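>>> model the following, please.
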Amino acid sequence: MDSALDFHGLRALLQWQVELGIDEAIGDVPVNRYETPAAAPKAAAPAVAGTAQAHLAEVPDALDAARRAAEGANDLEALRAALASYEHCELKRGARNLVFADGVPGARLMIIGEAPGREEDREGRPFVGRAGQMLDRMLAAIGMNRKENVYITNVMPWRPPQNADPAPNDIAMMRPFMQRHVELAAPDVVILVGNISCQAALDTRGITKLRGTWTEAWGKPALPMFHPAYLLRNSAAKRAAWADLLEVQARLKGTA
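Now for the predicted structure:
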């Protein structure tokens with residue numbers, strides 16, 4: 001076979017198209033949408049509706065499976081294995097790697113982000129792209145880092161296509177795993193980074209209003225904060241993020 005048309009070359013070309021946002025196949029022959037068809041097409045709406053209803057009907061089973069898998073994990077490695085074998089989340093089928101966690105298990109500070117991006121999907125670790133570098137600088141400002149005293153994970157362990165927000169059903173499926181993750185990691189303080197982590201932990205969104213106010217997530221003191229990716233786009237929000245970091249530092253020192 002011509003090397004230009006081998007499997008790996010075609011796969012790389014397809015991946016390049018996906019990264020460009022090409023998500024629809026266009027035919028070579030134009031279609032006249034105003035032309036009356038020779039025969040009325042078969043009704044497809046009921047089938048689509050039936051498919052949607054079937055998918056919704058599968059959600060309770062998916063949630064039950066997630067709860068059983070999460071509760072059966074006795075340590076973090078078992079939880080990673082349970083996530084890897086969980087087949088009900090469609091995002092898994094389009095991701096390269098499971099992105100489980102990074103940092104020091106058992107650290108006093110646990111950071112829960114939203115979902116992996118492209119770099120995280122490639123490396124299989126959370127917060128390794130530009131937002132991750134920003135997070136590392138933020139932590140360093142209060143004398144912390146992922147190699148010594150921070151544990152980091154995401155609500156979603158698989159990258160959503162085009163970095164879109166995960167669907168509510170996907171978030172719901174991950175809640176039992178996330179709860180068990182917090183139980184097993186046993187941090188003293190949790191930082192909820194961004195709207196998706198707040199939705200998973202607190203069942204609410206609106207990070208602008210939520211940030212800076214202590215709450216509780218899965219039995220742990222939790223502080224919602226802006227996502228580092230948001231700070232990269234909005235420098236004015238960095239002052240609020242710095243105030244939140246000082247709150248975390250004070251809580252860990254027992255003065256807040």
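>>> tell me how many other residues crowd Asn97.
The tally of other residues near Asn97 (other Cβ atoms under 10 Å) stands at 15. Glycine gets a C-beta too; all of them are placed from N, C-alpha and C.
>>> any idea which element it lies in?
Per DSSP states H and E, Asn97 falls between elements, in no helix or strand.
>>> how close does it get to Ile207?
Plainly put, Asn97 is 27 Å away from Ile207 if you go by Cβ to Cβ, to the nearest Å.
>>> show me where the stretch 51-200 of the chain has its strands.
Listed in chain order, the strands of the stretch 51-200 of the chain (DSSP state E, counting those that start in this stretch) span 101-103, 109-113, 150-154, 189-193.
>>> centre of the chain to the shortest one, how far?
Using Cα atoms, centre = their mean, to the nearest Å, we find the averaged C-alpha position of strand 101-103 to lie 14 Å away from the chain's own average C-alpha position.
>>> what pLDDT, on average, does it get?
Mean per-residue pLDDT for strand 101-103: 98.
>>> equivalent analysis for stretch 114-134, please.
For stretch 114-134, the per-residue pLDDT averages 96.
>>> measure that stretch end to end?
15 Å (Cα to Cα, to the nearest Å).
>>> what do you get for stretch 83-99?
10 Å.
>>> so for it, what gets flagged as buried?
In terms of neighbour count (16 or more other Cβ atoms under 10 Å), stretch 83-99 has its buried residues at 83, 86, 88-89, 91-92, 95, 98-99.
>>> stretch 71-80 now?
By neighbour count on 16+ other Cβ under 10 Å, the buried set for stretch 71-80 is 73, 76, 79-80.
>>> stretch 100-110 too?
100-104, 107, 109-110.
>>> tell me which two of those residues sit farthest apart.
Within the buried residues of stretch 100-110, Phe100 and Leu109 form the most distant pair, 17.6 Å apart (Cβ to Cβ).
>>> now, which of the buried residues of stretch 71-80 sits nearest Met174?
Leu79 (11.7 Å).
>>> tell me, what's the model's pLDDT at that closest one?
If you check Leu79, the pLDDT there is 98.
>>> can the strands of the stretch 51-200 of the chain go into a markdown table with extra columns for distance to Met138?
Listed next are these as a markdown table, based on distance: least, Cβ to Cβ, whole Å:
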| stretch | distance to Met138 |
| --- | --- |
| strand 101-103 | 14 |
| strand 109-113 | 10 |
| strand 150-154 | 11 |
| strand 189-193 | 10 |
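>>> of all the ones you listed, which lies closest to Gly212?
Counting by Cβ to Cβ, Gly212 lies closest to strand 189-193 out of the strands of the stretch 51-200 of the chain; the figure is 11.6 Å.
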